[in-house]
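Participant: For reference, the sequence and a predicted model appear below.
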Amino acid sequence: MTDCLFCKIVSGDVPAKIVRESARTIAFRDINPQAPTHVLVIPREHHPTVAGLAAADPDLLAEILQEAGQVAVDEEVADTGYRVVFNTGAQAGQTVFHVHAHVLGGRGLNWPPG
């Protein structure tokens, strides 16, 4: 996708502070962090939504979640608690339509969110 910000990060055309990479995923710091730890985990291939990814490639979705867990370990929030969030659709706050998991931690996260 030529106009997708996250595809441009994957291709290296847009810089990002990458914290983890695998053959199929990239994890990088959010440019507008909502917690001390706020990392996005994305697939290298373009999928607009998490539901679409789950239908098309459930193994890739599982890998994104595994990477999110490893980000939490690397960022030292796994033991104190962290949240993994997928926003799906504009009303849910999705602004980049390339599936991405937000890994949030490092502070108390209230419930309900939003």
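Facilitator: Nice, I can see it. Residues are numbered from 1 along each chain as shown.

Participant: continuing past the lengthiest strand in the chain, what's the next helix or strand?
Facilitator: Among the elements of the chain assigned as strand by DSSP state E, the one spanning the most residues is strand 37-43. Downstream of strand 37-43, the next assigned helix or strand under DSSP states H and E is helix 50-56.

Participant: Show me what that following helix is packed against.
Facilitator: Contact here means 3 or more C-beta pairs under 8 Å, 6 or more residues apart in numbering; DSSP states H and E; on that basis helix 50-56 packs against helix 58-74. Just so you know, the C-beta spots here come from the backbone N, C-alpha and C atoms, and that holds for glycine as well.

Participant: tell me what the helix it packs on is packed against?
Facilitator: Against helix 58-74 (3+ C-beta pairs under 8 Å, 6+ apart) you get strand 18-21, strand 25-29, strand 37-43, helix 50-56, strand 82-85, strand 101-105.

Participant: okay, now residue 27: neighbour count?
Facilitator: 25 (other C-beta atoms under 10 Å).

Participant: repeat for residue 83
Facilitator: 17.

Participant: In this structure it contacts residue 105, no?
Facilitator: Yes: applying C-beta atoms under 8 Å as the test, residue 83 and residue 105 come out as touching, 6.9 Å apart.
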